[in-house]
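1. Here is a sequence with its predicted model. Questions after.
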Amino acid sequence: MKRATLTLACAAATSAAVAGTVTSDGPDLVIKTRGGLAVETADGRYGFELGGRIQTDYNAYDGAINKAEGKSGSDLFFRRARIELEGHAEAWRYQMSYNLTESGSIDQVHVTYAGFGPLAEITVGQQKEDFGLEDTGSSKWITAVERSLPANAFDTGHNIGVKLHGASDLLTYSLGLYREGIDADYDLDEAFTGRLVIRPWRSGGDLLHLGAGFTDRRGASADYNARLGVRGGEEGDNVNRVRARLAGASGDERDYNLELAAIRGPFHLLAEWFDGEIDVDESPLDLEADGYAVQAGWVVTGERRQYKYENGTLDKIKPAGERGAVELFARFDRLDVVNPPPAALTGGVAETLTLGVNWYPTALVKLSLDYVDVDVDEPIGGEGGGDAIAARLQFAF
């Protein structure tokens with residue numbers, strides 16, 4: 001009797017465990033969980049993917065980098081923590097991402113129409129302005145923990161606007177009109193930004209990338225600046241910047257860049273040059289800045305860095321072996337913000353040398369360790385240079 005009762009109880013429990021079913025009101029569904037959660041209809045017409053990124057950083061720094069003069073500083077913080085949702089419905093795509101750090105903020109929210117084909121897509125909403133190779137690429141797969149000095153100084157950010165863009169094996173382009181801000185008369189200030197990339201040589205996964213970009217902005221703050229090599233904390237306020245500005249002033253800004261990248265087997269190269277000028281309102285001064293960055297990397301374990309044709313950027317490294325992929329790199333960058341009075345200057349000219357190693361134990365996890373050496377032309381807090389360690393644990397799904 002007891003055995004029969006136990007059998008009936010087990011059967012009931014099993015029945016309850018499998019009582020629910022998943023159904024679809026359309027074609028069969030394909031569910032993938034290798035990275036985030038992706039669901040797509042078998043015919044590929046509809047789908048969505050839930051993902052995100054978590055970047056936990058440790059920074060230690062001293063000398064001209066540290067705002068506390070004569071002392072060393074350090075911090076442990078979340079550099080980025082984002083939840084991301086993207087999907088498609090026939091010729092329409094959408095993307096939403098939300099920052100969980102800094103009290104929460106919207107990163108991107110936009111809709112894309114792709115019905116004209118891959119060479120003429122239209123995106124409307126808050127999105128990344130495509131300007132520069134490093135800045136256009138995802139923060140998940142940049143090589144160093146932080147982007148270069150000129151990439152930071154000329155960053156156009158994420159803004160609401162409309163963009164025409166497209167890509168083929170040969171080229172990638174984008175042209176966009178964005179909201180720069182609202183002026184004192186409550187009129188809209190616009191930014192017009194464009195980028196063109198061509199790939200004159202391609203062989204398997206190897207390629208040569210050449211690009212150029214521009215941005216023309218109304219009502220831009222009269223300020224060119226970049227943090228010295230590391231972020232220095234979640235808010236980025238603990239470290240000094242190389243800077244030129246006229247406080248409270250604004251004007252029309254025009255920036256240009258040239259970019260080069262190459263992938264050959266386990267080796268990759270990146271180089272960028274920037275030049276810009278702000279025609280300051282109610283001042284005879286044209287605020288100017290220029291800079292460049294050169295970076296070389298080697299995947300010691302033999303994998304190759306991927307390339308994203310859609311936006312013309314270097315992408316992730318997928319480890320081939322059980323022990324993961326190991327990447328070594330070196331970068332030199334320079335930013336010159338020297339301007340005559342009445343511009344307020346900090347540092348004048350800054351140069352950094354960054355040496356680093358990245359380990360990709362899986363396709364989702366990346367561990368980074370960088371050493372950064374900084375020199376400034378004009379001492380900051382009595383210091384003509386400094387150095388820093390930047391480490392990161394990243395999980396991107």
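-> That came in fine, so what should we check first?

2. continuing past the strand ranked longest in the chain, what's the next helix or strand?
-> As assigned by DSSP state E, the longest strand anywhere in the chain is strand 241-264. Using DSSP states H and E, the next helix or strand after strand 241-264 towards the C-terminus is strand 267-280.

3. Where does pLDDT dip in this protein?
-> 1-20 (pLDDT under 70).

4. mind redoing it with 90?
-> Counting by pLDDT under 90, the ranges of the chain that qualify are 1-30, 32-36, 44, 70, 101-105, 181-188, 282-285.

5. so the longest strand of the chain versus strand 267-280, what angle?
-> Angle of strand 241-264 versus strand 267-280, following axes from the mean of the first three to the mean of the last three Cα atoms, to 10 degrees, is 140 degrees.

6. list the helices and strands strand 241-264 packs on?
-> strand 206-227, strand 267-280, strand 286-299, strand 344-346 (3 or more Cβ pairs under 8 Å, 6 or more residues apart in numbering; DSSP states H and E). Where you see a C-beta, it was placed from the backbone N, CA and C, and this is true even at glycine.

7. what lines up beside the second one in the sheet?
-> In other words, strand 267-280. strand 241-264 (antiparallel), strand 286-299 (antiparallel) (DSSP bridges).

8. Only C-alpha atoms, please: export the longest one in PDB.
-> As requested, the backbone C-alpha atoms of strand 241-264 are provided in PDB (Å, rounded to 0.1, in the frame of the first residue of the first chain):
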ATOM      1  CA  ARG A 241      42.400  66.300 -17.600                       C
ATOM      2  CA  VAL A 242      44.400  67.800 -20.300                       C
ATOM      3  CA  ARG A 243      42.100  70.700 -21.300                       C
ATOM      4  CA  ALA A 244      41.500  74.000 -23.200                       C
ATOM      5  CA  ARG A 245      38.300  75.900 -22.600                       C
ATOM      6  CA  LEU A 246      36.500  79.200 -22.200                       C
ATOM      7  CA  ALA A 247      34.200  78.700 -19.300                       C
ATOM      8  CA  GLY A 248      30.500  79.400 -20.200                       C
ATOM      9  CA  ALA A 249      31.300  80.100 -23.900                       C
ATOM     10  CA  SER A 250      30.100  78.200 -26.900                       C
ATOM     11  CA  GLY A 251      30.400  78.300 -30.700                       C
ATOM     12  CA  ASP A 252      30.400  76.400 -34.000                       C
ATOM     13  CA  GLU A 253      32.600  73.300 -33.900                       C
ATOM     14  CA  ARG A 254      34.100  71.500 -36.900                       C
ATOM     15  CA  ASP A 255      36.200  68.400 -36.300                       C
ATOM     16  CA  TYR A 256      37.800  66.000 -38.800                       C
ATOM     17  CA  ASN A 257      39.500  62.600 -38.600                       C
ATOM     18  CA  LEU A 258      41.300  60.000 -40.600                       C
ATOM     19  CA  GLU A 259      41.600  56.400 -39.600                       C
ATOM     20  CA  LEU A 260      43.400  53.200 -40.600                       C
ATOM     21  CA  ALA A 261      43.100  49.700 -39.400                       C
ATOM     22  CA  ALA A 262      44.500  46.300 -40.600                       C
ATOM     23  CA  ILE A 263      44.000  42.700 -39.600                       C
ATOM     24  CA  ARG A 264      46.500  40.100 -40.700                       C
END
